[in-house]
Structures are given as C-alpha cells and as structure tokens.
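Undergrad: Turn this into a model:
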Amino acid sequence: MNGLILLKKLTRAGMVMTTALLFTPAYAASPQLLPAQVKPGLAYQYVAETLVVASRQGVVKVGGINWQCAAARCTTSGPWAKPGVSACQALAKVVGRIKVYGHATQKLNTADLSQCNSGVGASIRPVMPQKAQAKPQFVAPGTTTPRTSGTNRPGISGVNTLRPGAAATASAHGGLGAPRASQQVTQRANATSTAKIMSIGRIGDYSTNNTGVPYESCVLRDVLVTGYNFGAVSNGNRLMALSMETKTPLYAFNNITSWSDGRIVARLPGTREIPPGQFYVLAIVDKSGKALTNTNQIMKVCPLEVKVSGDIHITNCGAGPNNVRVNAYQGNNIVRTVAAQSVTGNDLALRYEMTLPSSTAMLGIELRPALYGITCTGGNWVQDRVAVRFDFDHRNATQPLDFRVGTRTLRMPMANVSNLMRNAFAGTAIHINNYDPVTQRAKANDSFVRLSKALGGAEYGFNIPPVENGPRKYYINDINLQSITVRPQGSELKVTATFESDGMEFRGTCGQDGDNVECAAGAPDVQANISVDIYFNLVRYFSHAVPITLSYSSVRVVPQVDAQADGLCLALDFLCSAVNDYRSQIRNVIQSSFMSLLDTTTVRDDVGRALAPTLRDLNVGTLTSVRIDGSDLVLTYLTDLAAR
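TA: Below is the predicted model of the structure:
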C-alpha cells in the first residue's frame, strides 16, 4: 500500500520510478506475467508488433502491465532483462497474434513466439457494442472542426476531446500523466457503438496474410473501410478522420465512391486537409456529428515520397559512375532511372539513390541495373531484377547491387617488356650542367630531362649545385645523354642512361671567394665517364589523371662516375684525393637529382600513358594484378577492352 501511495505522488510530479512500480499491487499480484528476470535500476523499452492492427488501441492493461498500443505496435518499459513468453501470451490474447516481442538487446525467438500465439485466433472477435448516448456538436462534412476558447472544444461523442495544450500521451506503465476520465470516455465509445470498423486499407492491395486477416496498407488515394452495420446507404452519415492522439475530428470525407453495410470506398481529401505520412483514426458520424462506430481503427496515409538506395559492387569490371544506371520498372515501363555515384574518398566505390512518388512506388517496383558504354564480357548482375516493396513503416529501402566478371591472364617475357620500355624512352634527352663559362661560376637550374614523345614529351628542369672541397669548387660542364638501354634485372627493369665522354666534364676553380695558399696548385679539370642506372619495379598503376594501366612504383638510382684528372693531379697527391672526393660527391648529387625527378606521380603517369596503347594492342583490358614469375611478367586483366 505504501508503494502505491508513493507511485501516485510521483505521478503528480510527472516522474516514473522503477523501484516504486515493483511494489504496486498490479505488479505484485501477477508476477508470473511479468516479462521475466528483473534488474533493479534498469529500464528496458519493450515493443510488441502484431501481425495486423492491434484489436485494442491506446492503454491496454494486461496481467499488471500497462501497454500503449497504436496501430500494430504496443510499447511499455520496465526492469525486466529477459522477455517472458507468458507475458507475451497474455498480451496476444487481448491485441491479437504477435510477430515481434522484446527489447533492443533481446527478443523472443520463433519457437517462443509460436508458444506466445498458441491458442490465439487469427483475429480477435469484436464484442457487439451498445448504443452510444451522448450527442456532440455537429461537424460539417468536408470542414475542419472550428476552434473555440476554453475547454469546450467541439468533438465527437464518446471520444476524448481535450482542452488546448492538454497532454494526451500516456506512459508505458498504467497511463501515468494521462487523464483517467478521457480514457474511460474513449473506452466507453468503443464499447457502445452498434457499427464496427474492422479494417482500413487501400484499393488494389486488399490481399490477405496467412491468418486470413486482410493486410492494412497505407492509403494512397482511395481508402477501403470494412466492417458491419454501416447501413446499406450513407443516409446522411459521414466518414470522419480523427486525430490519432486526442480523437478530435479533423476532416470529413466528401467524395464517397461506394457505401454498403460492410464496405465503404472513399477518396482522400487533399494533402492540406490530411497531411501525408501520418496516422489517423477513422469513425462514422451521423448528421449531428455523433460517433456511430468505434474509434480504435487506424488509417495510415502514405508519405508523398519513398526512397531506395544501396551500394553497387563491381567485381573484375572497369565500370565507373558513368557506366552504371539503375532503372525502376513497373511492368514493362520505366518509371525512374538514376546514374551511379562515386563515394566520397573512394573512387572505386559506387552507390545509387532513387526517390519515387508514393503514388507509383507503393504499387511495387522492380529494379533492373544495367551497364552503359562498357562491355565486361562474361560478367553478370547477381540479381538483374530485384522486386522492392514499400509500406508506411518502410519508406526507405536498402538494396545492394552486385556485378561480377571473370578474368584472363597474359604472360610476357621480361625481354619483351624491356623492348617496350626501350621504345617508350627512345627520344628522351637529358642535359646536365651547372657551369657558366663566361663568369666561370655556377649556372643554376640549367639541367633538364625532356621525355620522349611516347612518354608525353614533357620537360622537367632540375638544379645541380657545385661541389666544394676546401677553396676548390667543381662544376659539371655541359654533359648530355648519349644512349639508353633497358634490360631485365631480377624482378625489376634496369634502365641505363649513358652520357657523352668528350671534353672536360668537370671544371675546377680555386680561390674564387678570396686568395688561399692552397690555390697555388690550382684545381685540375676532370674528364669523366658518367652513366646512371635506374631500376623500376613494374606494378598495376592508376591515379586521378590516369586510368588503370602499367607503370612503376619504387625506383632506385645508382650513378656511375669514372673521373680522371689532368697531369697535375699525378704530381700532387692531395689534388688526386680531392678529385676522388669530388667523384663521390658528384654521384650523390646526380642520384638525389634524378630521384627527385623520377619518384613523382607526374612521371609515373607519363610512363603509364605511354604503355597503355601497347596494352590495348595486346587486347589487355583493365589490369587487376601485375607480378613477376621467373623471367615472365604476368598480367591479370578484365575482358572490358572492346567497349572502351
């Protein structure tokens, strides 16, 4: 008893305490019907979804548990960690067969639900009502209820009409915060009606499920109302839409297509009067506005639009966003087409998103994906036709699409690959210089690499600084590329650039920045044989600028410098030592300069572009992998070349 007093006090304050509920008589009286194990201090949000619209709407009290039911969904909350079959069965006997029961982390399985629904009929047979007594204010057909001041807001007899701003919601436990008197009025209206609305659906979708009870779909344009005792003709009675929360009248249906004792077909009012995508209650009222039927049957008005979207998985096919479209069909007619889109941050991932009017989509669509502008021979959509259905509770559908194709393999001897690379580099010019013969000082940024026409013909400049050794400075004097050779070297390609050897390649100066006693011997000029070995590792390559092709990833540069000074070096050992030091330093300078040029995306792109025509000539489609196997380069590719 003390627990009940505490609960009432908390109710006035608008609070719900789990510990108080555990001591109320309602919960103590029927512990066998509680959902299951109790965890004090926790509250779980329970949901019970019925196969059809629940036979009881609003607050439904079963076995000491107060549920709130709307349409085909009942909710409550409490401290029960594990859902109980007995509580589910008790609820099913009142509201009808249940297809989902439990909370977010645990639900009854199929066997438990079968036990829950055992002994529950396909539908709950209605109780023949008594005649209602009260007479409400008349509501003119086709108009909304006029607003009045104070608490005397017009309504329908026997339904809950609240003062403006009054709360009509109830908590999961016993309707805490809901006016008890209005609940009693609503229940009395549902129990005293002589006519009964049994189901509400839309024309063209009046199918039945395995229980024999008609499905209740959202209404698109024409609403179908079934039941009994409507009267053979309307005789001045009206079909009225009521608000879901307060059961107050909203709008009367003026356009009645047909009216019989057990069936009414009516055209929905405009979206301004009955906004789409919401729940409404339907009732039949007489000329004075008096409710003649129950007020617990829900009409769901379809939303204006629905959406279907999903990922598009393309396996072993080079199709991009411009090559994939998704068509929505009804019968043999296309009702909508959308193109695939790239996923931000991942150029290889595709998605689609399609919005459709409910007037079209609620009748069901069939998705048919297709490729455009590309042919991936041997490829197929895993599902080339996918049926998608929407309803009021499932307005946004997710449907992934998957296209797969096989691959082919080509083995190329590395010697042949070397020839391809040599042809690509043929015509490339390299000039190395940092010496100005007029000033006999450094000439900055006078070195360059001009790629062959096959590699795009671009020219890249770079700077090689002079090398200093004490007071002596050594400059590179007008060295030019003489030849390029390419040969396989293990799993790499070795490109050797050999430079001309005529004249003095290195110019030496001493004391340019001031007198120095060491300069008495001068700084000998040096003749040198220079070559640069460049090692490439071939890979499957792509970038934002180049489609998938063959190019290189890692690169190594190994300069070969064979320097020989003039005769003065032979007489003075320290000069020979200086020349040897310079040779080592010039290697480092050439290596770093070539690496800064070759280890770039720009040059990799150029090499990829140069090799792409050769791959096409070999009927090689989009590459999927590149590897070295012994003395062969093995290319795995797709069969999508023909349409590119």
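
Undergrad: Please count neighbours and contacts with C-alpha atoms only from this point.
TA: Fine.

Undergrad: pLDDT weak spots in the protein?
TA: For the chain, the stretches with pLDDT under 70 are 1-42, 121-193, 203-217, 347, 501-504, 512-527, 563-583, 639-644.

Undergrad: Show me where it has its helices.
TA: Assigned by DSSP state H, the chain shows helices spanning 2-12, 18-21, 25-29, 85-95, 110-116, 180-192, 358-361, 414-425, 567-571, 573-598, 601-617.

Undergrad: can you tell me how far Val557 sits from Phe594?
TA: Val557 sits 7 Å away from Phe594, going by Cα to Cα, to the nearest Å.

Undergrad: now Leu410
TA: 33 Å.

Undergrad: which one of those two has more residues nearby?
TA: Ranked by neighbour count (other Cα atoms under 10 Å), Leu410 and Phe594 place Phe594 first, with 18 against 14.

Undergrad: Touching, the more buried one and Arg556? I think so.
TA: No. Between Phe594 and Arg556 there is no contact under Cα atoms under 8 Å: 9.4 Å.

Undergrad: Which residues are in contact with Pro466?
TA: Pro466 sits next to 434, 442, 473-476 when contact means Cα atoms under 8 Å, 6 or more residues apart in numbering.

Undergrad: In strands, which of the residues you listed fall?
TA: 442, 473-476 (DSSP state E).

Undergrad: okay, the residues you listed in TSV with distance to Val467 and neighbour count next?
TA: Shown next, in TSV, are the ones in strands among the contacts of Pro466 (distance: Cα to Cα, whole Å; neighbours: other Cα atoms under 10 Å):
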residue	distance to Val467	neighbour count
Ala442	10	19
Lys473	6	20
Tyr474	5	28
Tyr475	7	27
Ile476	9	24
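
Undergrad: Turn these into CSV, including distance to Pro400.
TA: Formatted as CSV, the ones in strands among the contacts of Pro466 follow (distance: Cα to Cα, whole Å):
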residue, distance to Pro400
Ala442, 64
Lys473, 68
Tyr474, 67
Tyr475, 65
Ile476, 63
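
Undergrad: farthest-separated two in those?
TA: Lys473 and Ile476 (10.4 Å; Cα to Cα).

Undergrad: picking up where we left off before, select, from the contacts of Pro466, the two members most distant in space.
TA: Counting by Cα to Cα, the most remote pair of the contacts of Pro466 is Asn434 and Lys473, 11.5 Å apart.

Undergrad: Was I right to think Val555 contacts Thr601?
TA: No. Contact status for Val555 versus Thr601: not in contact, 12.0 Å apart, counting by Cα under 8 Å.

Undergrad: Nearest spatial neighbour of Phe403, chain-adjacent residues omitted?
TA: Nearest residue to Phe403 in three dimensions, chain neighbours excluded: Trp381, at 4.3 Å (Cα to Cα, 6 or more residues apart in numbering).

Undergrad: Just list the residues touching that neighbour, thanks.
TA: So Trp381 contacts 369, 401-404 (Cα under 8 Å, 6+ apart).

Undergrad: Of these, which belong to strands?
TA: Per DSSP E, these map to strands at 369, 401-404.

Undergrad: could those residues be laid out in CSV, adding distance to Asn416 and neighbour count?
TA: Formatted as CSV, these follow (distance: Cα to Cα, whole Å; neighbours: other Cα under 10 Å):
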residue, distance to Asn416, neighbour count
Pro369, 41, 23
Leu401, 41, 24
Asp402, 38, 15
Phe403, 35, 21
Arg404, 32, 15
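
Undergrad: Now render these as a markdown table, adding distance to Arg389.
TA: Output for the ones in strands among the contacts of Trp381, formatted as a markdown table (distance: Cα to Cα, whole Å):
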| residue | distance to Arg389 |
| --- | --- |
| Pro369 | 17 |
| Leu401 | 16 |
| Asp402 | 19 |
| Phe403 | 22 |
| Arg404 | 26 |
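
Undergrad: wait, which of those is closest to Asn316?
TA: Relative to Asn316, and with distances defined as Cα to Cα, the nearest of the ones in strands among the contacts of Trp381 is Arg404, at 6.2 Å.

Undergrad: Quick check: bridge partners of that closest one?
TA: The partner list for Arg404 in beta bridges (DSSP bridges) reads Thr315, Asn380.

Undergrad: Not counting sequence-adjacent ones, nearest residue to Val59?
TA: Val59 sits nearest to Gln68 (Cα to Cα, 6+ apart), 4.6 Å away.

Undergrad: roughly how far apart are that neighbour and Ile432?
TA: For Gln68 relative to Ile432 (Cα to Cα), the value is 86 Å.

Undergrad: Could you do Arg604 as well?
TA: For Arg604, the distance to Ile432 - Cα to Cα - is 22 Å.

Undergrad: Same question for Pro369.
TA: 57 Å.

Undergrad: Next, the contact list for Val486, please.
TA: Taking Cα under 8 Å, 6+ apart as the test, what Val486 contacts is 418-419, 421-422, 493-496.

Undergrad: bridging residues for it?
TA: Here Val486, judged by DSSP bridges, has bridge partners Val495.

Undergrad: cool, Phe279 as well?
TA: Going by DSSP bridges, Phe279 forms beta bridges with Lys300.

Undergrad: So what's the residue count around it?
TA: For Phe279, using other Cα under 10 Å, the count is 22.

Undergrad: just how off-centre is stretch 90-102 within its chain?
TA: Distance of stretch 90-102 from its chain centroid, counting by Cα atoms, centre = their mean, to the nearest Å, is 35 Å.

Undergrad: Sorry, wrong one. I was asking about stretch 72-80.
TA: Per Cα atoms, centre = their mean, the centroid offset for stretch 72-80 relative to its chain is 31 Å.

Undergrad: Same check on stretch 227-245?
TA: 45 Å.

Undergrad: give me every residue that touches the nearest residue to Cys88 once chain neighbours are set aside.
TA: Excluding the flanking residues, the one nearest Cys88 by Cα to Cα, 6+ apart is Cys116, at 5.6 Å. Going by Cα under 8 Å, 6+ apart, Cys116 touches 85-86, 88-89, 92, 98.

Undergrad: And for Ile256?
TA: 264-267 are the contacts of Ile256 under Cα under 8 Å, 6+ apart.
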